[in-house]
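A.B. asks: Prediction below, plus the sequence it came from.
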Amino acid sequence: MISIAKAKLRYQELQNDQFFQNDKRRAIKNGKKFLMFLFRFCILVGVSYVILSPLIKIVAQSFFSDNDMTNPMVYVIPSKPTMEKYVAAWKVLPFPATIMKSLGNDIALMVIQIFVCSMVGYGFARFDFPLKGFLFACVVVMIVIPMHAIMLPLYLTFTQVVNLYDTIYPFYLLTLFGCGLRSGLYIYLFNQFFRGLPKEIEEAAFVDGAGSFYTYSRIMLVNAMPSVITVAVFSLVWQYNDLFYAKLFGLSSAVSVRIQALSQEIGAVYDIKNPAFRTMYLYAGVVLILIPVILIYCFLQRFFIEGVERSGIVG
């Protein structure tokens, strides 16, 4: 009886020791998970701060008063926030007319770019023709070649040959011929997407008597809607923010050009000599022109992410 009791006691001790070891391993595992979570959290916060700190500074200083700007104790949160800078920037731009005109041109260019680039991408994806590889290599070159390498011939062409300086027409001509802003990238995206669609869709359409253009416009382009949304967002935002081509062709009505000159215009209108004070008005104008882009992205976010994933450009 005594040996049985000792055996039971020993068995109980072994069980308790096993439970202790399991709890210890579980605690170590949970501790490692927590440390990894804390490490990832710190990395994400640090990277996010590095990326967002300029935007935080712009938004914060756009609400600064003149006293806040000269007060060394004020860094991010203004002591006396004011909308004065926004009111002045709204009037000087003028914001409604500038935004409507710029967005109107950008939306028109976006529609043309979607149509032209999708047609070219569909042709590369589905048809065989002479020099196909060479021509697609030219498309890739359009993506990697820097814009500064072609700025001189573009400038000479549209200022001396056809004399379209300070007009929107150079943008439309380049876009119509598939050479617009980032058109090479959009052609590549559409080509990748169309190659991923099953050929049975087209074969069924051809059996029913549909032509190539009808199949492209009414069947393939409809199925490529995620890619269309992706290109639409990219095209609209990049056209809206473009400063290189706007200055190259002297387009003074572009938002990017107007916002660059806002500081000097504010100084002239309100007789502000201090550059630091003019910068606050500039930041208010920057926040105003960011609002349409943010609204567009928020509205199309789900379709945009889906299009990026299905276009094959994620890592």
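C.D. replies: Received it, and whenever you're ready, just let me know what you need.
A.B. asks: Would you tell me what helix or strand the most centrally placed residue in the chain is located in?
C.D. replies: Computing the C-alpha centroid of the chain and ranking residues by Cα atoms, centre = their mean puts Phe234 first, at 5.9 Å. In this structure, Phe234 sits in helix 225-241 according to DSSP states H and E.
A.B. asks: Buried residues, that helix. List them.
C.D. replies: 226-241 (16 or more other Cβ atoms under 10 Å). Heads up, the C-betas are built off the backbone N, CA and C, glycines and all.
A.B. asks: Can you name the two of the residues you listed that sit furthest apart?
C.D. replies: Maximum pairwise distance in the buried residues of helix 225-241, criterion Cβ to Cβ, is 23.0 Å, between Pro226 and Asn241.
A.B. asks: before we move on, the earlier item: what mean pLDDT does the helix holding Phe234 have?
C.D. replies: Helix 225-241 carries an average pLDDT of 87.
A.B. asks: could we number from 28 for the rest of this?
C.D. replies: Happy to do that; since the first residue is 28 now, the last one works out to helix 252-268.
A.B. asks: can you give me the strands in the stretch 78-227 of the chain?
C.D. replies: With DSSP state E, counting those that start in this stretch as the definition, the stretch 78-227 of the chain shows no strands.
A.B. asks: where do the helices sit along the stretch 178-327 of the chain?
C.D. replies: Along the stretch 178-327 of the chain, counting by DSSP state H, counting those that start in this stretch, helices occupy 178-183, 196-203, 210-223, 227-234, 239-242, 248-250, 252-268, 271-275, 282-287, 289-297, 302-338.
A.B. asks: Can you say which of these is nearest to Gly73?
C.D. replies: Comparing the helices of the stretch 178-327 of the chain by Cβ to Cβ, helix 302-338 comes nearest, at 23.6 Å.
A.B. asks: what pLDDT, on average, does the closest one get?
C.D. replies: 79.
A.B. asks: ok, now stretch 195-213?
C.D. replies: On average, stretch 195-213 scores 90.
A.B. asks: can you give me how far that stretch is from the chain middle?
C.D. replies: Here the centre of stretch 195-213 is set off from its chain's centre by 18 Å, with Cα atoms, centre = their mean, to the nearest Å.
A.B. asks: Could you do stretch 100-114 as well?
C.D. replies: So, by Cα atoms, centre = their mean, the centroid of stretch 100-114 is 28 Å from its chain's centroid.
A.B. asks: Identify each buried residue in that stretch, please.
C.D. replies: The neighbour-count check on stretch 100-114 (16+ other Cβ under 10 Å) flags 101, 105, 109, 112-113 as buried.
A.B. asks: on that earlier part again, angle of the helix holding Phe261 against helix 196-203?
C.D. replies: Relative orientation of helix 252-268 and helix 196-203, computed by axes from the mean of the first three to the mean of the last three Cα atoms, to 10 degrees: 160 degrees.
A.B. asks: sorry, back to before: any chance of the buried residues of stretch 100-114 in a markdown table, with pLDDT too?
C.D. replies: Listed next are the buried residues of stretch 100-114 as a markdown table, based on pLDDT from 0 to 100:
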| residue | pLDDT |
| --- | --- |
| Val101 | 79 |
| Pro105 | 85 |
| Thr109 | 88 |
| Lys112 | 89 |
| Tyr113 | 91 |
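A.B. asks: CSV for the residues you listed, including distance to Gln219?
C.D. replies: As requested, these are exported to CSV (distance: Cβ to Cβ, whole Å):
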residue, distance to Gln219
Val101, 50
Pro105, 47
Thr109, 49
Lys112, 44
Tyr113, 42
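A.B. asks: farthest-separated two in those?
C.D. replies: Applying Cβ to Cβ across the buried residues of stretch 100-114, the maximum distance is between Val101 and Tyr113, 18.5 Å.
A.B. asks: Asn132 and Asn94, how far apart?
C.D. replies: 40 Å (Cβ to Cβ, to the nearest Å).
A.B. asks: do Ile323 as well
C.D. replies: Taking Cβ to Cβ, one finds Ile323 at 36 Å from Asn94.
A.B. asks: try Ser279
C.D. replies: 35 Å.
A.B. asks: My read is that Thr257 contacts Leu216, right?
C.D. replies: Yes: counting by Cβ atoms under 8 Å, Thr257 does reach Leu216; the two are 6.6 Å apart.
A.B. asks: Can you spell out the domain ranges of the protein, please?
C.D. replies: The chain breaks down into these domains under automatic domain parsing: 29-88, 111-338.
A.B. asks: Based on its surroundings, how many neighbours for Val249?
C.D. replies: 10 (other Cβ atoms under 10 Å).
A.B. asks: swap that for Thr242, please
C.D. replies: 20.
A.B. asks: Skipping its backbone neighbours, what lies nearest it in space?
C.D. replies: With sequence-adjacent residues excluded and distances taken as Cβ to Cβ, 6 or more residues apart in numbering, Thr242 is closest to Ala232, at 4.5 Å.
A.B. asks: All set, thanks.
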